[in-house]
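> output the structure for:
(one chain, ligands or ions: 2)
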Amino acid sequence: MITRVKTIDPSTIQFSSDDIEDPQVHVTDPVTLSILKEAAKLLTEDQVIAVPTETVYGLASNALSPIAIKKIYSVKDRPSDNPLIVHVSSLKMLRSLLPPKENSNIGEIPLIYEQIIKNFWPGPLTILLPKSLLIPSEVTCGQSTVAMRFPSHPITRALISLCGFPLAAPSANASGRPSPTLASHVLMDLNGKISLIIDGGQCNHGVESTVFDAIGSQAPVILRPGGLTFESLRRMPGMENIRIYNKDFVDKKLEMVPTTPGMKYRHYSPNAQVILVDVCDKHKSHDIMKREIRQMGENGERAIGILATRTSYVTSNEENGKKNGKIISSDDHLFSNVKSNSRGTIKIIEYTLGDSTHPEQIAKELFKGLRYLDERNVDCIIVEGIPEKEEGLAIMNRLRKAASKIIGE
Ligand code: TXA
Ligand code: MG
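Ligands and ions are numbered 1, 2, ... in the order given. Here you go, the predicted structure:
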């Protein structure tokens with residue numbers, strides 16, 4: 001199969017109003033319209049395509065077609081017991097997918113979600129809802145709930161509207177790899193496996209949506225931290241006691257099923273070994289990083305990637321921020337003088353994610369940075385932890401899953 005990449009400028013798509021009940025889409029640009037129509041046709045024919053969302057690129061197909069859903073699992077090589085998120089483009093569409101009320105063919109959104117939807121949709125939030133018979137069991141893998149999301153990315157919103165049916169979409173990476181935040185990442189993982197990738201530029205959030213359950217026995221609980229922060233959710237009425245799975249508590253039964261995102265399966269792993277240094281004191285943290293680099297040199301590893309979570313480890317100001325992907329040789333880099341006793345100099349490649357005072361910037365660059373260093377064939381990637389505040393919570397969650405070695409306090 002030939003994989004074509006077609007670019008859409010998201011600013012060529014507009015919506016009638018802020019109303020999310022049944023918004024109307026306006027596309028004036030003929031090129032945008034023709035790509036969207038072509039994509040909708042492929043989806044109507046049960047094909048799988050990649051689309052940009054505000055979190056990460058998604059691998060989309062018709063959520064109501066078991067044939068189309070099965071293709072998602074085979075393209076990604078995804079374990080068949082890991083359920084998918086269903087994406088909608090209006091509350092009208094959402095209601096039509098919920099278990100119908102008596103004497104009606106539409107369902108009711110649980111009251112507990114009302115304010116949350118009003119405040120955070122469209123956006124990087126996925127909520128668990130009761131599953132109706134309309135949703136194929138291939139989507140939910142036998143769960144009684146279905147994960148639903150109303151994305152804010154204009155391309156995906158417009159595409160769902162044009163299709164008139166919801167789209168199931170996991171992240172568009174090969175299973176186990178870091179999620180894609182650029183169309184080129186999708187091409188790298190899935191070239192030849194899908195017919196179309198819509199390129200809408202770099203994803204804004206860079207980490208996946210927050211998966212939130214307000215109706216289960218442990219509710220309210222964040223099952224997966226993501227683009228919408230814990231702090232934002234906790235500010236909502238009735239959410240004062242919201243907990244974070246795996247941080248505030250764990251549950252033996254939940255551990256056994258893959259519905260708690262990332263619990264059962266390996267995630268976000270680049271080819272290189274990832275070492276996470278999660279130590280608060282900066283000097284102690286840097287000493288540990290130097291020790292690890294030296295150690296790797298002793299072990300015969302030659303190229304080491306550093307994902308910088310401080311503006312950069314370059315000490316002179318003018319060099320700051322200009323080092324991405326460059327081999328570090330200058331004397332003013334914190335790690336340039338680290339040498340192993342037995343084998344000499346080690347090649348260090350730094351990719352600056354941002355500064356921990358702006359976790360939203362780090363989130364946006366995180367998967368891109370992991371993939372960038374991986375493409376440069378580094379033997380190992382070292383990254384310094386950041387505080388688990390705001391987007392920092394999702395970042396640390398992803399880093400812990402990517403890491404094969406974690407050095408804590
Ligand atoms: O931002 C996102 O959420 C992206 C974009 C494409 O929308 N999608 C995404 O999908 O990250 P995926 O499949 O990579 O992750 C979805 C997670 C899975 O880990 C899955 O276990 C969980 O959501 N999930 C799906 N249905 C669930 C359910 N009924 N109960 C609990 N967790 C569920
Ligand atoms: Mg994923």
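
> how far away is the closest residue to residue 95 other than its chain neighbours from residue 292?
Leaving out its chain neighbours, the residue that sits closest to residue 95 by Cβ to Cβ, 6 or more residues apart in numbering is residue 106, at 4.5 Å. For every residue, glycine as well, the C-beta is placed using N, CA and C. Distance of residue 106 to residue 292, computed by Cβ to Cβ, to the nearest Å: 57 Å.

> helices of the stretch 301-409 of the chain, start to end?
For the stretch 301-409 of the chain, the helices defined by DSSP state H, counting those that start in this stretch cover 359-375, 392-402.

> tell me which strands and helices the shortest one is in contact with?
By that I understand helix 392-402. Applying 3 or more Cβ pairs under 8 Å, 6 or more residues apart in numbering; DSSP states H and E, we find helix 392-402 packed against strand 273-277, helix 359-375.

> how about the contacts made by the residue nearest to residue 95?
By Cβ atoms under 8 Å, 6 or more residues apart in numbering, the contact list for residue 106 reads 95, 96, 98, 100.

> these in helices, which ones?
Here DSSP state H is the test, and these give 95, 96 as lying in helices.

> residue 123: neighbour count?
Using other Cβ atoms under 10 Å, residue 123 has 20 neighbouring residues.

> repeat for residue 89
Neighbours around residue 89, by other Cβ under 10 Å: 27.

> cool, residue 150 as well?
Neighbours around residue 150, by other Cβ under 10 Å: 24.

> was I right to think it contacts residue 92?
No: with contact defined as Cβ atoms under 8 Å, residue 150 does not count as touching residue 92 (11.2 Å).

> now the common contact residues for the two.
With Cβ under 8 Å, 6+ apart, residue 150 and residue 92 have no common neighbours.

> isn't residue 110 up against residue 215?
Yes: under the criterion of Cβ under 8 Å, residue 110 makes contact with residue 215 at 5.8 Å.

> report the set of residues contacting both of the two.
129, 130.

> isn't residue 144 right up against residue 130?
Yes: if you go by Cβ under 8 Å, residue 144 and residue 130 touch, sitting 6.9 Å apart.

> between these two, which one's more packed in?
residue 130 (14 against 9).

> does the residue nearest to residue 95 belong to a helix, a strand or coil?
coil (DSSP: H, G, I helix; E, B strand; the rest coil).

> and what of residue 201?
Residue 201 is classified as coil under three-state DSSP.

> how close does it sit to ligand 1?
Applying Cβ to the nearest ligand atom, to the nearest Å, the value for residue 201 to ligand 1 is 15 Å.

> count the neighbours of that residue for me.
14.

> please apply the same query to residue 173.
26.

> repeat for residue 241
10.

> list the contacts for it?
Taking Cβ under 8 Å, 6+ apart as the test, what residue 241 contacts is residue 220.

> check contacts around residue 214.
So residue 214 contacts 110, 112, 113, 116, 127, 128, 220 (Cβ under 8 Å, 6+ apart).

> distance of it relative to residue 115?
Distance from residue 214 to residue 115, by Cβ to Cβ: 11 Å.

> cool, residue 21 as well?
16 Å.

> residue 138 now?
Where residue 115 is concerned, residue 138 sits at a distance of 32 Å (Cβ to Cβ).

> same thing with residue 400?
Using Cβ to Cβ, residue 400 is found at 31 Å from residue 115.
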